[in-house]
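Visitor: give the three-dimensional model of this entry:
(chains A and B)
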Amino acid sequence: MPPEKVAPLMTLETTVNGRPVSLPIEPRAILLDVLRDRLDLTGTKRSCDSQVCGACTVLLDGTPVSACCTLAYEAGGREIETIEGLAGPNGLHPIQQAFVDTDAIQCGFCTPGFVLTTKALLAENPRPTRAAIEDYLGGNLCRCTGYWNILDAVEDAAEKLAAVSPHPQPPLPSSRERGLNGPRLSGPRGPS
Amino acid sequence: MTATDTEVRARTAIGHDAPRVDAVAKVTGAGQFAGDLKLHGMAYGRLLRSPYAHARIVGIDTNRAAALPGVIAVMTGDDVPAADPYYGHALKDRPILAIDRVRFAGEPVVAVAAEDPAIADEAVTLIDIIYEEMPTAVTIAAALADDAPHLHDVVNVRAGLFHGLGEIHLEPGNVCYHHAFARGDMDAVFAAADVVIAGEYTFPAVYQYSLEPHTTIAQWTGADDLTVWSSCQHPFLVRAELADLYALPVGAVRVVVPYLGGGFGSKSYTKMEPITSALARVAGRPVRIANSIDEAMVTTRRHGMKAFMRTAATRDGRLLAREVRAWFDTGAYADNGPRVVATGADAAPGPYRWEAVRVDAWGVYTNTSPAGSYRAFGASHLQWCGELQVDEIGRRCGLDALQMRERNLLSRGESVRPGGKPLDADLIGDIRKVAASLNWESPKPAGIVGRGMSVGLLAAGAHPVSTAAVRMEADGGVVLLVSSTEVGQGARTVFGQIVAEELALPLDRVRVLGGDTRVTPYDRSTGASRSTTIAGLAVQRAAADVRAQILAIGARLFDLPETALEIRAASVWHEGESVPYRDVLKAHFGMVGGELIGHGEVRPEKGSGSYAEGPVFWEVCIGGAEVVVDPETGRVTVTKAVSVADVGKAINPRLVEAQEMGGAMQGIGNALHEEMLFDETGTLLNATLYEYHVPTIADMPHTFASNIVENEDGPGPYGAKGVGEGALAGVAAAIATALADAGVIIDELPATPERVWRALRMHDDRNDEDSTGSAANERATGGAASWG
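Guide: Numbers count the residues shown, from 1 in each chain, chains lettered A, B, ... in the order given. A predicted model of the protein is given here:
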């Protein structure tokens, strides 16, 4: 049996969608597995397992990270936000509503990742240009929509959020400064 | 109710952009996909796959894996507990797990079930297999060579349950299917033609890439009751194949389909269900097998293709004859290859008026991963080749692309293929819309800029068999039972709108179930753009059945003939007086309970509904593109993409447009980026999304124009016909013709920067020694005309 199988369990103390969580985990546990299999938060989707597609995006202290390539222990002492944390008692979060209103959803598998990445983008940059949106969402793949409606959704979300909070908070430090997994991928990748 | 009633009544629920009924579930993460389900006692399966493209299995030692704590079962090809260890809906050529021999790199050889995924991962590393490598045939040319190793004993291969494409007569070798037709005197027409264009073309193997990789859970209850939850598009065809494999009655097998995270053909027919159900049977536990992306890539793909095509025309641009020979690389197992070959061949002439045509298409086994369905299969393979030749003839004859098509396209009612359905669309009207969206007559911007259009037809609808049931509950609300898979296309929304329309209900009173073969009625499949047209018609008929029942009860309540009654706003009305549905049911059953059940059925209206007699409708594959080429790098930027959705009636226009957008995006990927690269050993070189580039948000043109054409000329509800595939083939081919317009003659897709750069240099060379059309000039638009 390889050594990691007998490594002692560690305790993950973290906050998920505002609720404290204390969980024994293996040191090698991946955040995506802990969210999906231990906490039954299956809205975070598994696809590429290699930080290319963005389907497993969650926010860690507001920063989008790929949960498939993040060790669960890295979330210790921090705040994790998943798609399940967005809607409140009064209904959908404005970003979610924007995705519904603009028909930016087809199969829905990429949707949670896009919504959370959009949340981080709009926290940094409440009025992004189209170019800024394309840059920020370059690490999220969608195979259904052609992205056009997703671009509309982000712009619609920016308007909805501005209407809710006309004086936005100062932007958070950029994800690139705080990212756990290095710079997010953006733009074309691979041979093209 | 009669059809006339529907026509005269004002339509309130269809024809507008109802929001998707599943949008909130999906945007909150509540919507469940197969991988989100967890069964009590569920074990996790993992497959050990072959590293070799062709090898004999000399020995397998699973002892160390079986001894690992937490391992529940280890299964090899010898242990598969099926009555028939071979499956395949078209040809039964594929073992559930490799038997004695592997035929592609990635073929499953051993399956392990364990208490958790990490143990299963570890267990497969403890399995020792001795292989003896065999000669490979990795390419079509290698597979057709005289000394090629034969992958299968094709002469004795058995037809699968859904071959559906006629008798199989095969010579020994690697051809698993041959589809051919000819009419007219080809040789005479070519000999007399003023202009002949010939070329050879290469189309790549492409990965469908649904974000959700194939995921299946299987659970046996005793030895004769199997339930499978699977990311599958065609639950009833999966059920039939599983019943066949285990020699069970079809009712003993239940296939349940949650939301699908994309399909695009990759989840059509049977994929991971045989292996998962076999492993669950051996394990005595429910088992889940979830593919990773690299496994999904070798589970199914689009056929690569080599083709030779030549087209003859008069000097004034009248098309005369076309000859096509095409070889489709179906990989190690046929999967849906025969149908892809047949539809590809049928689409090869293009929708033009020919004096003579001859098409031969072959499905060829190679030692690569199996190829099956991918959105717009058939049309995608040869439309771009044919359209390049039409434009080249136009250039020789002084006609532009629009003029060539106006002169030569078939008109409504003309024969597309003998014995099949005549053309049911206005193609010239459609192509003029493409031209308008491209500002066809306007001067092009500076630089290397091209504009292109393309048009083709795709045999759509598959076999026209669907059923549906509408249950009106005691509160007057409705549960719709229909088995079309919600794969993102919006089937549940459109079906809900149809029921709302027929029963005068608000959409939120209609609940649409997903497919569950033990609960929801039979539907042949979700693909071939058939759901709205065929399943939708069954839904409409089921709702109409309930409507008739309501009116019959209402007639008793009002003591009036049914013709004196109408339904609106969830009530039965006579003049100013109304009874809500719930009171209609209460009067009928004498209690707050009971339900009205409506049944809807679609089956072939005449004949058997066979492929040869079809299709149900011709899907118009039409697109336009404007491209800019960077002469230094060869990089192509699509600045504008155009589609025309010739849908008869748009039940939900926004969903129609969404289908066009997705199709166009995949067309851009197919035309410019996507290509599975196998090396000479048959290993897939770009098995990750880092190396296999699917379009990102930055690859999209800033302008996309979709035109929705509603001539109410389809066979579906309200004159609808399907949508979803045409834009892929249409836009991909339009990018190829736009490149040619810019002077970049491409004979191999995708049009990568390197290929474009080389083609630009060829163009410069060609301009130095140009020749114009004469009776003798048979000249390749690509390489020399000798292939095959």
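
Visitor: tell me the contacts of the closest residue to chain B within chain A?
Guide: Of all residues in chain A, A:G43 sits closest to chain B, with a separation of 1.8 Å (C-beta to the nearest C-beta). (Each C-beta comes from the backbone N, C-alpha and C, glycine too.) A:G43 sits next to A:82-84, A:112, B:28-30 when contact means C-beta atoms under 8 Å, 6 or more residues apart in numbering or on different chains.

Visitor: now which of those residues would you call buried?
Guide: A:82-84, A:112, B:28-29 (16 or more other C-beta atoms under 10 Å in any protein chain shown).

Visitor: tell me the two of those residues that are most distant?
Guide: A:T82 and B:T28 (10.5 Å; C-beta to C-beta).

Visitor: tell me, how many residues neighbour whatever residue of the stretch 401-550 of chain B ends up closest to chain A?
Guide: Checking the stretch 401-550 of chain B residue by residue against chain A with C-beta to the nearest C-beta singles out B:G488 as nearest, at 3.1 Å. For B:G488, the count of nearby residues is 30 (other C-beta atoms under 10 Å in any protein chain shown).

Visitor: I'd say it and B:Q233 touch.
Guide: No - at 11.2 Å, B:G488 does not count as touching B:Q233 under the criterion of C-beta atoms under 8 Å.

Visitor: not counting sequence-adjacent ones, nearest residue to B:D741?
Guide: B:G450 (3.6 Å; C-beta to C-beta, 6 or more residues apart in numbering or on different chains).

Visitor: residues contacting the one you found?
Guide: B:444, B:626-627, B:629, B:737-744 are the contacts of B:G450 under C-beta under 8 Å, 6+ apart.

Visitor: element containing it?
Guide: strand B:448-460 (DSSP states H and E).

Visitor: and the lengthiest helix in chain B, which residues are buried?
Guide: Secondary structure of chain B per DSSP state H: the longest helix is helix B:536-558. The neighbour-count check on helix B:536-558 (16+ other C-beta under 10 Å) flags B:536-547, B:549-551, B:553-555, B:558 as buried.

Visitor: ok, back up a step: output the strand holding B:G450 as PDB, restricted to C-alpha atoms.
Guide: Output in PDB follows, covering the C-alpha atoms of strand B:448-460 (Å, rounded to 0.1, in the frame of the first residue of the first chain):
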ATOM      1  CA  ILE B 448      -6.900  39.300 -47.300                       C
ATOM      2  CA  VAL B 449     -10.700  39.100 -46.700                       C
ATOM      3  CA  GLY B 450     -13.000  36.400 -48.000                       C
ATOM      4  CA  ARG B 451     -16.800  35.900 -48.000                       C
ATOM      5  CA  GLY B 452     -18.300  32.600 -48.400                       C
ATOM      6  CA  MET B 453     -21.600  30.800 -48.300                       C
ATOM      7  CA  SER B 454     -22.600  27.200 -48.400                       C
ATOM      8  CA  VAL B 455     -25.700  25.100 -48.600                       C
ATOM      9  CA  GLY B 456     -26.400  21.500 -48.100                       C
ATOM     10  CA  LEU B 457     -29.000  19.000 -46.900                       C
ATOM     11  CA  LEU B 458     -29.000  16.500 -44.200                       C
ATOM     12  CA  ALA B 459     -31.300  13.500 -43.900                       C
ATOM     13  CA  ALA B 460     -32.900  14.300 -40.600                       C
END
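
Visitor: mind exporting the C-alpha coordinates of the helix or strand containing B:E392 to CSV?
Guide: Per DSSP H and E, B:E392 falls inside helix B:379-397. Provided in CSV are the C-alpha atoms of helix B:379-397 (Å, rounded to 0.1, in the frame of the first residue of the first chain):
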residue,chain,number,x,y,z
ALA,B,379,-23.3,16.9,-44.0
SER,B,380,-20.1,18.0,-42.3
HIS,B,381,-17.9,15.6,-44.2
LEU,B,382,-18.5,16.5,-47.8
GLN,B,383,-20.5,19.7,-47.9
TRP,B,384,-17.4,21.9,-47.8
CYS,B,385,-15.7,19.9,-50.6
GLY,B,386,-18.7,20.1,-52.9
GLU,B,387,-19.2,23.8,-52.1
LEU,B,388,-15.6,24.6,-52.9
GLN,B,389,-16.0,23.0,-56.3
VAL,B,390,-19.2,24.9,-57.0
ASP,B,391,-17.4,28.2,-56.2
GLU,B,392,-14.4,27.2,-58.3
ILE,B,393,-16.7,26.5,-61.3
GLY,B,394,-18.3,29.9,-60.7
ARG,B,395,-14.9,31.6,-60.7
ARG,B,396,-14.1,29.9,-64.1
CYS,B,397,-17.5,30.9,-65.5
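
Visitor: other SSEs contacting whichever helix or strand comes after it?
Guide: Next along the chain after helix B:379-397, taking DSSP H and E as the criterion, comes helix B:401-408. Contacts defined by 3 or more C-beta pairs under 8 Å, 6 or more residues apart in numbering or on different chains; DSSP states H and E place helix B:401-408 against helix B:379-397, helix B:427-437, strand B:448-460.

Visitor: now with 10 Å, please.
Guide: For helix B:401-408, the elements it packs on are strand B:304-313, strand B:319-331, helix B:379-397, helix B:427-437, strand B:448-460, helix B:726-741, judged by 3 or more C-beta pairs under 10 Å, 6 or more residues apart in numbering or on different chains; DSSP states H and E.

Visitor: which residues touch the closest residue to B:G429 other than its chain neighbours?
Guide: Closest residue to B:G429 apart from its sequence neighbours, by C-beta to C-beta, 6+ apart: B:V709 at 7.1 Å. By C-beta atoms under 10 Å, 6 or more residues apart in numbering or on different chains, the contact set of B:V709 is B:425-426, B:429-430, B:433, B:620, B:622, B:644-648, B:650.

Visitor: now with 8 Å, please.
Guide: B:V709 neighbours (C-beta under 8 Å, 6+ apart): B:426, B:429-430, B:433, B:644-647.

Visitor: dig out what it forms beta bridges with.
Guide: Following DSSP bridges, B:V709 is listed with bridge partners B:D646.

Visitor: if I look at it, how far off is chain A?
Guide: 20 Å (C-beta to the nearest C-beta, to the nearest Å).

Visitor: show the pLDDT at that residue.
Guide: Per-residue pLDDT puts B:V709 at 96.

Visitor: same check, this time on B:T300
Guide: So, for B:T300, pLDDT stands at 98.

Visitor: cool, and the one 10 residues further on?
Guide: Each residue has a pLDDT score; the one for B:R310 is 98.

Visitor: that one bridge partners, please.
Guide: Applying DSSP bridges, one finds that B:R310 bridges with B:A198, B:E323.

Visitor: what about it, how many neighbours?
Guide: B:R310, neighbours per other C-beta under 10 Å, totals 22.

Visitor: what's it in contact with, if anything?
Guide: B:190, B:196-199, B:322-323, B:389, B:778, B:785.

Visitor: for residue 27, grab phi and psi.
Guide: Answering for chain A, as no chain was given. Note on A:P27: backbone dihedrals following degrees, to the nearest 10 are phi -60, psi -30.

Visitor: looking at chain B here, not the other one
Guide: Taking degrees, to the nearest 10 as the convention, B:V27 sits at phi -80, psi -10.

Visitor: distance check, it against A:Q106.
Guide: 12 Å (C-beta to C-beta, to the nearest Å).

Visitor: the helices in chain A, which residues?
Guide: A:3-6, A:31-33, A:94-101, A:111-124, A:130-136, A:148-164, A:175-178.

Visitor: so which of those is the most surrounded?
Guide: helix A:111-124 (a mean of 25; mean count of other C-beta atoms under 10 Å in any protein chain shown).

Visitor: give me the helices and strands touching that one, please.
Guide: Helix A:111-124 packs on strand A:57-60, strand A:63-66, helix A:94-101, helix A:130-136, helix A:148-164, helix B:23-27, going by 3+ C-beta pairs under 8 Å, 6+ apart.
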